[in-house]
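Participant: Structure here, sequence nowhere to be found:
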């Protein structure tokens, strides 16, 4: 499988660089989706386009009946101005593929070729889902609502992410939680504005916001079990415009992250309590809205074991990180795993010597392109391993 993926490297790299030069935001991936659909049709696959606006599904049916495996690849870019200086840099100012989804799309199309060449030995089907709008826009939920998990319904879901937090060659394949659940919160404090020289005639929401931000740090340090993991970040504070005017309103927003859903419930409850009580103590009213973005990504042990076997077949002697809880970053692949057992795994892609080690969502993000063939081979082998295992189980 490694050799076959390497033979297709030029194809994969060309696609990846083309996608990188023409980034498109979530639900706007019109050009990207058209190329994906074209490539799948050229392979003779059954293609469904326009799934949740810009999603694409390709179905590979094996020579014999059997279970169905879902392979998901995200395709959207980010509203970031690229600073890599690469020859294939974004041609659209203010947009770039800063998370590797250009690579994911190219890997998915390569996997389609690799699997299609082996359909004669497959017992079952592989559904390739190229998903729009992963970057916090509800893409997974919308493609699921559009029927992406039906006709046929998969028995297992596989997803991957090239991972610039780790060097090329590293593999993260673990059971249990691997990425965090995420929620967004927006808080508005209403006070009473006035002159900065006469604060006693005002109700200052800025002072109240400072107290809330400070006190909220105790939620993680004093309410969450020290053996658990949690993040509560206030990322934005907006209040006032003049140096001598106490504003009537302060607005804050931020995020909370967790691996254990029970910890997510605790974070929400304590933030609601502290916000209401501290705002009242300072004479303000508080309006807090918390929106769940994604649940934690929790891998099924059996599915993770199948991917590890595939990795051991392809990369003998390769150490595999099975520690789990790889990042507090979130991923909407979690929504598939709520309905279908499966696994989300990470493939190291950084190369410090070449300067390809900037983190995801950084304007200078880029990766070692050798990971394209490595990831394509692993996903293909994992799909075949999963079909064989599930078929043997009956």
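Facilitator: Done, it's in. Small disclaimer: the values here were computed from a predicted structure and weren't measured.
Participant: Below-threshold pLDDT in the protein: ranges please.
Facilitator: 394 (pLDDT under 70).
Participant: The most centrally placed residue in it: what's it in contact with?
Facilitator: Nearest to the mean C-alpha position of the chain, by Cα atoms, centre = their mean, lies residue 331 at 3.0 Å. Each residue near residue 331 by Cβ atoms under 8 Å, 6 or more residues apart in numbering is listed here: 134, 159, 161, 179, 294, 297, 344. (Glycine included, C-beta is placed from N, CA and C.)
Participant: next one: residue 219
Facilitator: The contact partners of residue 219, taken as Cβ under 8 Å, 6+ apart, are 230, 232, 266-267, 270-271, 274.
Participant: Residue 200: which of those is nearest?
Facilitator: Distance ranking of the contacts of residue 219 against residue 200, using Cβ to Cβ, places residue 274 first at 25.6 Å.
Participant: Which element, helix or strand, includes the closest one?
Facilitator: Using DSSP states H and E, residue 274 sits in helix 261-281.
Participant: Packing partners of that helix?
Facilitator: If you count contacts as 3 or more Cβ pairs under 8 Å, 6 or more residues apart in numbering; DSSP states H and E, helix 261-281 packs onto strand 181-190, helix 205-218, strand 230-238, strand 249-258, strand 285-294.
Participant: That one vs strand 249-258, what angle?
Facilitator: Angle between the axes of helix 261-281 and strand 249-258 is 160 degrees (criterion: axes from the mean of the first three to the mean of the last three Cα atoms, to 10 degrees).
Participant: And helix 261-281, what's buried?
Facilitator: 263-264, 266-268, 270-271, 274-275, 278-279 (16 or more other Cβ atoms under 10 Å).
Participant: what do you get for stretch 176-190?
Facilitator: 176-183, 185, 187-189.
Participant: all helices of the stretch 1-150 of the chain, in order?
Facilitator: 2-7, 9-21, 30-42, 101-116, 139-145 (DSSP state H, counting those that start in this stretch).
Participant: highest average neighbour count across those?
Facilitator: Ranked by mean neighbour count, the helices of the stretch 1-150 of the chain are led by helix 101-116 with a mean of 27 (mean count of other Cβ atoms under 10 Å).
Participant: The residue located most distally from the centre of the chain and residue 164, how far apart?
Facilitator: Distance from the centre of the chain peaks at residue 198, with 48.7 Å (Cα atoms, centre = their mean). Using Cβ to Cβ, to the nearest Å, residue 198 is found at 53 Å from residue 164.
Participant: go on, residue 371?
Facilitator: Look at residue 371 and residue 164: by Cβ to Cβ, they are 9 Å apart.
Participant: Need the overlap of contacts for these two.
Facilitator: residue 349.
Participant: Which strands or helices does the longest helix seen in the chain pack on?
Facilitator: In the chain, taking DSSP state H as the definition, the longest helix is helix 370-393. In this structure, helix 370-393 packs against helix 2-7, helix 9-21, strand 64-74, helix 101-116, strand 123-131, strand 156-167, helix 301-314, strand 342-350, with contacts taken as 3+ Cβ pairs under 8 Å, 6+ apart.
Participant: between it and strand 64-74, what angle do the directions make?
Facilitator: Going by the same axes, to 10 degrees, helix 370-393 makes 150 degrees with strand 64-74.
Participant: re earlier: list of residues touching the helix holding residue 274?
Facilitator: Against helix 261-281 from outside (Cβ under 8 Å, 6+ apart): 181, 183, 185, 187, 189, 208, 211-212, 215-216, 219-220, 223-225, 228-230, 232, 256, 258, 285-286, 288, 290, 295-296.
Participant: Buried ones among those residues?
Facilitator: Applying 16+ other Cβ under 10 Å to the contacts of helix 261-281 flags 181, 183, 185, 187, 189, 208, 211-212, 216, 219-220, 223-224, 229-230, 232, 256, 258, 286, 288, 295-296 as buried.
Participant: Just the closest of the buried residues of helix 261-281 to residue 301, please.
Facilitator: Nearest member of those to residue 301, counting by Cβ to Cβ, is residue 263, at 21.2 Å.
Participant: Residue 353 versus that closest one, what's the distance?
Facilitator: Between residue 263 and residue 353 the distance, using Cβ to Cβ, works out to 39 Å.
Participant: again with residue 227
Facilitator: Residue 227 is 37 Å from residue 353, by Cβ to Cβ.
Participant: circling back: tell me the one of the contacts of residue 331 nearest residue 112?
Facilitator: Closest approach between those and residue 112, by Cβ to Cβ: residue 159, at 15.3 Å.
Participant: List the contacts of that closest one.
Facilitator: 71-73, 331, 333, 336, 342-345.
Participant: cool, and residue 180?
Facilitator: 229, 231, 257-259, 296-297, 327-330.
Participant: go on, residue 291?
Facilitator: Residue 291 neighbours (Cβ under 8 Å, 6+ apart): 183-186.
Participant: For residue 314, see how far away the closest residue to residue 254 other than its chain neighbours is.
Facilitator: Distances taken as Cβ to Cβ, 6 or more residues apart in numbering place residue 234 nearest to residue 254, at 4.2 Å, with adjacent residues excluded. Per Cβ to Cβ, residue 234 is found 44 Å from residue 314.
Participant: How is the protein partitioned into domains?
Facilitator: Domain assignment for the chain by automatic domain parsing gives 2-180+296-393, 186-294.
Participant: Could you say which of the ones you listed is packed most deeply?
Facilitator: Mean neighbour counts for the domains of the chain (mean count of other Cβ under 10 Å) peak at domain 2-180+296-393, with a mean of 20.
Participant: circling back to that earlier point, let me know the secondary structure of the residue nearest to the centre of the chain.
Facilitator: coil (DSSP: H, G, I helix; E, B strand; the rest coil).
Participant: ok, it to residue 297 distance?
Facilitator: Counting by Cβ to Cβ - residue 331 and residue 297 are separated by 5 Å.
Participant: what do you get for residue 152?
Facilitator: From residue 152 over to residue 297 the distance is 24 Å, taken as Cβ to Cβ.
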